[in-house]
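Undergrad: Sequence and predicted structure below; questions after.
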Amino acid sequence: MKRKELHIAIDETLSDLLDVVSNFNQEQFNMAPDKDSWTPGEIAQHLVLSLSGFVELMNGPTQETIRKPDEHVETLKNVFLNFNIKLKSPDFIIPEKKDYNKEDLLRALKKLKLALEEIVENAELDKTCTLFEIPGGLGHLTRLEALAFVIYHTQRHVHQLKNIYRNTSIMLAKQ
């Protein structure tokens, strides 16, 4: 992906996220679609935790990359956009079980969107981020791959949130 394509993808993906989160009323925001699922509020908090970590990663120490800077992009896309598989989140980005304030999370997500856009515009995208390794065998990602992770991971949760919104709207309409 080129810088311009990344900027468009980050903008569109995070804008979609902000739009779908905005659609929920406060009651729906903390309503689980079933007993084994996160609420929209918990999903939004999961994304705040994940995106914050990636902003920190990409703003952290780097080194020269000794492989193709986009080597893991296709793998990330194939994993996160396969909606037929259930993925397990690492413990450090599992949201606390509680009611969340939608407006607080929207503010946090808007700040993260700006921080990500800043990285896309100004960072050396081919550098390898060394602050921490990504679980699942991917190891250290380049900034380009980290941005791809952000895009595809967020798109996965936008898809999930849209389904939850549709289902909770139907449930509330039947009450």
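TA: Alright, I've got the coordinates.
Undergrad: all helices for this protein, in order.
TA: 3-23, 26-29, 40-59, 73-80, 102-122, 143-174 (DSSP state H).
Undergrad: Determine which stretch of the ones you listed is the most buried.
TA: helix 40-59 (a mean of 21; mean count of other CB atoms under 10 Å). The C-beta positions use only the backbone N, C-alpha and C, and glycine is treated the same way.
Undergrad: and it, what does it pack onto?
TA: helix 3-23, helix 26-29, helix 102-122, helix 143-174 (3 or more CB pairs under 8 Å, 6 or more residues apart in numbering; DSSP states H and E).
Undergrad: ok, residues contacting the third one?
TA: Think helix 102-122. Applying CB atoms under 8 Å, 6 or more residues apart in numbering, the contact partners of helix 102-122 are 3, 6-7, 10-11, 14-15, 17-18, 21-22, 24, 26, 29, 41, 44-45, 47-48, 51-52, 54-55, 58-59, 143, 147, 150.
Undergrad: again, only using 6 Å
TA: Counting contacts by CB atoms under 6 Å, 6 or more residues apart in numbering, the residues outside helix 102-122 that touch it are 6-7, 10, 14, 18, 21, 26, 29, 44, 48, 51, 55, 58.
Undergrad: Which of the helices of the chain sits closest to residue 86?
TA: helix 143-174 (10.6 Å; CB to CB).
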